[in-house]
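S.K.: Fold the stuff below for me.
(one chain, ligands or ions: 1)
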Amino acid sequence: MGYETRDPRETKETLQPEAGEQRRLSPTGQRAMQGRDVYVPRPDDVNFTDGQGRPIAIRTFSGSDQTYIRAYDRNVQTPPERPDPGQAGYANLKLEPDQTGNTRARLQDIYTAPAYRDNGVGSTMLNQAEKVAGQGGASEIYGSLSYEARNEAAVHKFYHNHGYSTRTSAQGGEEVYKKI
Ligand SMILES: CC(C)(COP(=O)(O)OP(=O)(O)OC[C@H]1O[C@@H](n2cnc3c(N)ncnc32)[C@H](O)[C@@H]1OP(=O)(O)O)[C@@H](O)C(=O)NCCC(=O)NCCS
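M.R.: So this is what the prediction gives:
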């Protein structure tokens, strides 16, 4: 793919939202997609065949204040050069300081399109998020469970299978976390 060999300084682009692309993203994700941010694609695509034989690519983009992880079925869409909503799934990760001055990574969103669920896409995006968090010096990765996800056994099982624990967040909601 082109961007893997180019000088990153030549590939910086201002992201422009495309029609309809904001509908599934969290408020944080929406703000990030509204332009004025500059992206440097990371040369570490993950390619695998999912449980239904589809060729899945996980592409990771570094933004100025967060990392965009996007999943594509290569039979449906060639992974783009800059982050769009993600045809098969998406996750967004932000590095931030904790109260003690250490770095932690907040998983802001993780979503697999319904047609691709239970086939390894979410797990691969989560693994990639943990890798990016570790490379960024984070000692913990955590995320809030969305209102709908709080009572969903499948979501709890998903995180539990990946070694996450649950705790009450500072805002009183439920969050999942893992030391890395
Ligand atoms: C939570 C969510 C992101 C998980 O994504 P996913 O792509 O379905 O996740 P995976 O396929 O990697 O893992 C789900 C299951 O498939 C299994 N699996 C993993 N790789 C597989 C493969 N190659 N083939 C078949 N099954 C596989 C996993 O073992 C896992 O099984 P489990 O039920 O025992 O946990 C997805 O369900 C989702 O988007 N939910 C709605 C949004 C949401 O709630 N997000 C979380 C907010 S906190």
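S.K.: Pull out the buried positions in the helix or strand harbouring residue 61.
M.R.: In this assignment (DSSP states H and E), residue 61 forms part of strand 55-62. In terms of neighbour count (16 or more other CB atoms under 10 Å), strand 55-62 has its buried residues at 56, 57, 58, 59, 60, 61, 62. All C-beta atoms are positioned from the backbone trio N, CA, C, and that covers glycine.
S.K.: Name the residues that touch that strand?
M.R.: For strand 55-62, the surrounding residues in contact (CB atoms under 8 Å, 6 or more residues apart in numbering) are 39-42, 44-50, 67-75, 79-80, 82-83, 88, 116, 120-121, 124-125, 128, 132.
S.K.: Following element in sequence after that strand, please.
M.R.: Note on strand 55-62: by DSSP H and E, the next helix or strand toward the C-terminus is strand 67-73.
S.K.: Show me what the mean pLDDT comes to for that next one.
M.R.: Averaging pLDDT along strand 67-73 gives 97.
S.K.: and it, what other elements does it pack with?
M.R.: Under the contact criterion of 3 or more CB pairs under 8 Å, 6 or more residues apart in numbering; DSSP states H and E, strand 67-73 touches strand 55-62, strand 89-97, helix 121-135.
S.K.: can I get the ones you listed in JSON lines with mean pLDDT?
M.R.: Formatted as JSON lines, these follow (pLDDT from 0 to 100):
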{"stretch": "strand 55-62", "mean pLDDT": "96"}
{"stretch": "strand 89-97", "mean pLDDT": "96"}
{"stretch": "helix 121-135", "mean pLDDT": "97"}
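S.K.: nearest to the ligand, of these?
M.R.: The ligand lies closest to helix 121-135 among the helices and strands packed on strand 67-73, at 2.2 Å (CB to the nearest ligand atom).
S.K.: So what are the sheet partners of the helix or strand that the closest one is followed by and their directions?
M.R.: Proceeding C-terminally, helix 121-135 gives way to strand 140-144 as the next helix or strand, assigned by DSSP H and E. With DSSP bridges as the test, strand 140-144 is paired with strand 103-112 (parallel), strand 174-179 (antiparallel).
S.K.: Point out the most buried one among those.
M.R.: With neighbours taken as mean count of other CB atoms under 10 Å, the strands paired with strand 140-144 reach their highest mean count in strand 103-112, at a mean of 21.
S.K.: picking that back up, can you say which of the strands paired with strand 140-144 is nearest to the ligand?
M.R.: The ligand lies closest to strand 103-112 among the strands paired with strand 140-144, at 3.4 Å (CB to the nearest ligand atom).
S.K.: does any bit of the closest one sit next to the ligand?
M.R.: Yes - applying CB under 6 Å from any ligand atom, one finds strand 103-112 in contact with the ligand at 110, 111, 112.
S.K.: For the protein, what lies in contact range of the ligand?
M.R.: Checking the chain against the ligand by CB under 6 Å from any ligand atom, the hits are 50-51, 110-112, 117-123, 143, 145-146, 149, 154-155, 157-158, 161.
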